[in-house]
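Student: from the sequence below, what's the structure:
(one chain, ligands or ions: 2)
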Amino acid sequence: MKPIRVGLLGLGTVGGGTVNVLARNREEIARRAGRAIEVVQASARDLGKARICDTTGIELTTDPFAVVDNPAVEVVVELIGGTDLARELVERAVAAGKHVVTANKALIAHHGNTIFEAAHRAGVTVAFEAAVAGGIPIIKAIREGLAGNRIEWLAGIINGTSNFILTEMRSAGRAFDDVLAEAQRLGYAEADPTFDVEGIDAAHKLTILAAIAFGVPLAFDRAYTEGISRIAPEDVGYAEQLGYRIKHLGIARRRDEGIELRVHPALVPASAILANVDGVMNAVMVRGDAIGPTLFYGAGAGAEPTASAVVADLVDVVRALTTDPENRVPHLAFQPDAISDAPILPVAQARTAYYLRMTALDRPGVLADIATVLGRAGISIEAVVQKEPPQGAEFAQLVMLTHRVLERQMDEAIAAVEALSSIRGSVTRIRVEHLEGA
Ligand code: NDP
Ligand code: HSE
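Tutor: Ligands and ions are numbered 1, 2, ... in the order given. Now for the predicted structure:
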């Protein structure tokens with residue numbers, strides 16, 4: 001059989017990795033797909049740039065539309081990133097009846113509902129395994145492997161850059177900016193790294209995971225998003241002393257009232273599996289009613305780990321070429337006419353434990369005042385650590401762990417604590433997740 005002809009949009013970290021994996025494993029991939037997969041044309045902005053891959057035999061262009069419009073290109077792989085140009089290119093490919101593979105989580109989280117509808121009408125697939133957790137086949141696992149389950153919750157480390165930064169801050173005491181610069185050099189970070197450190201990239205991915213886990217529309221705008229940029233080295237240290245580690249988590253949980261969808265740093269017990277996922281590695285725990293807890297672990301970013309997922313999607317697309325479009329695995333796991341309208345809950349309705357750090361006057365009665373304010377809000381304290389102030393200093397650092405409470409109650413209690421005359425500045429708050437049932 002003739003090779004399937006692929007057009008590649010982007011020859012950067014993931015594009016280059018994809019060319020390399022397709023070339024190195026050409027025969028193995030053909031044995032799986034039933035046909036060889038050949039990149040016939042690729043686009044990049046600067047054709048003079050050094051590449052991590054050998055582009056011999058690939059027609060190169062600076063015009064990505066030329067690739068999409070090329071009649072010889074049967075499948076388009078979008079690895080440019082961003083939401084504007086990428087959307088135009090993907091929609092054009094779909095309109096031309098071409099299957100698409102993309103690693104672009106921003107595109108799927110923002111425009112997936114429209115893109116999948118168009119793809120369904122056109123009878124083509126838009127595959128996006130690489131969009132979540134790099135090389136981990138988490139989309140396929142939830143969409144297909146766990147299809148018999150009612151998914152109860154999922155929680156994961158789904159941004160490699162943030163995990164790399166937190167790991168290096170804790171284990172080597174390195175500075176945030178220094179580690180971020182290294183993540184950029186290694187090709188882990190997004191083109192705009194604020195997407196990584198402000199939690200936006202993780203929220204894109206969580207939005208996608210929640211849609212395929214619970215059968216709800218992609219609702220990025222409803223996700224609560226908080227990144228690691230305000231995590232101070234002292235919080236990393238105090239967490240360690242209390243037997244926890246700070247991790248950046250994406251959590252989606254089904255509740256009777258709706259769905260929790262939140263991305264934020266959290267203290268996780270040091271003995272928990274997720275606390276021990278380090279560096280650029282990602283891990284996603286998924287709890288289904290039939291299977292119980294499951295764990296998926298692997299590299300969350302980087303050229304070849306991500307290419308692994310891109311190529312797996314290509315193989316799937318090739319295998320599905322001769323199947324009836326109506327009988328393919330639905331893009332978002334559930335049949336398009338069976339999507340639920342369960343609401344996404346505001347974060348004020350989340351219930352978690354908390355780590356609180358505040359700067360308090362070092363004098364008798366202050367701790368009792370704080371405990372009274374928290375007690376009035378129905379918040380009980382699990383542990384208190386008071387750091388001895390330096391000789392002669394008036395203020396000391398006070399660190400507390402609370403039991404679980406509704407976020408709204410905690411917001412009110414923090415405002416009341418900050419209003420006490422014995423408290424200086426604002427209270428640092430980090431949620432604590434015990435990942436019950438894991
Ligand atoms: P890179 O920046 O390394 O590569 C982007 C490629 O697209 C480059 O070849 C660039 O050309 C080209 N490009 C960028 N803008 C334009 C434009 N306006 N017109 C034409 N071509 C353009 O990005 P990555 O490979 O890291 O990421 C690609 C996608 O994969 C993104 O959606 C990202 O979120 C996603 N992703 C990335 C992962 C990673 O580990 N890096 C992991 C999982 C997903 P040139 O090279 O000439 O500049
Ligand atoms: N910037 C992303 C990360 C790439 O660090 O996880 C993988 O999606």
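
Student: next, the contact list for the nearest residue to residue 147 once chain neighbours are set aside, please.
Tutor: Nearest residue to residue 147, sequence neighbours excluded (CB to CB, 6 or more residues apart in numbering): residue 333, at 7.3 Å. The C-beta positions use only the backbone N, C-alpha and C, and glycine is treated the same way. Applying CB atoms under 8 Å, 6 or more residues apart in numbering, we find residue 333 in contact with 142-143, 147, 211-213, 215.

Student: next one, pLDDT for residue 333 please.
Tutor: We have a pLDDT of 96 for residue 333.

Student: ditto for residue 438
Tutor: Looking at residue 438, its pLDDT stands at 48.

Student: same question for residue 7.
Tutor: On pLDDT, residue 7 comes in at 98.

Student: so it makes contact with residue 58?
Tutor: No. If you go by CB atoms under 8 Å, residue 7 and residue 58 don't touch, sitting 9.7 Å apart.

Student: between the two, which is the more surrounded one?
Tutor: Taking other CB atoms under 10 Å, residue 7 and residue 58 do not tie; residue 7 has more neighbours (29 against 18).

Student: now for whichever strand or helix holds that one, which elements pack on it?
Tutor: Under the criterion of DSSP states H and E, residue 7 resides in strand 4-9. In terms of contacts (3 or more CB pairs under 8 Å, 6 or more residues apart in numbering; DSSP states H and E), strand 4-9 is packed against helix 13-24, strand 37-43, helix 64-69, strand 75-78, helix 303-320.

Student: all helices of the stretch 101-250 of the chain, in order?
Tutor: Ranges of helices in the stretch 101-250 of the chain, per DSSP state H, counting those that start in this stretch, are 105-122, 138-140, 160-172, 176-185, 194-197, 200-214, 233-241.

Student: so which of those gets nearest ligand 1?
Tutor: Ranking those by proximity to ligand 1 (CB to the nearest ligand atom) places helix 105-122 first, at 6.0 Å.

Student: packing partners for the closest one?
Tutor: helix 85-95, strand 126-127, helix 200-214.

Student: let me see the mean pLDDT of it.
Tutor: Rounded mean pLDDT across helix 105-122 is 98.

Student: just stretch 58-71 next, same as before
Tutor: pLDDT averaged over stretch 58-71 gives 98.

Student: mind listing what's buried in that stretch?
Tutor: Neighbour-count burial for stretch 58-71, counted by 16 or more other CB atoms under 10 Å, picks out 58, 61, 64, 67-68, 70.

Student: considering these, which is situated nearest to ligand 2?
Tutor: Nearest to ligand 2 among these, with distances taken as CB to the nearest ligand atom, is residue 64, at 20.6 Å.

Student: neighbours of the residue nearest to residue 249 when sequence neighbours are not counted, how many?
Tutor: Nearest residue to residue 249 in three dimensions, chain neighbours excluded: residue 266, at 4.9 Å (CB to CB, 6+ apart). Neighbour count of residue 266, defined by other CB under 10 Å: 28.

Student: pretty sure residue 266 sits against residue 434.
Tutor: No. Taking contacts as CB under 8 Å, residue 266 lies outside contact range of residue 434: 9.7 Å.
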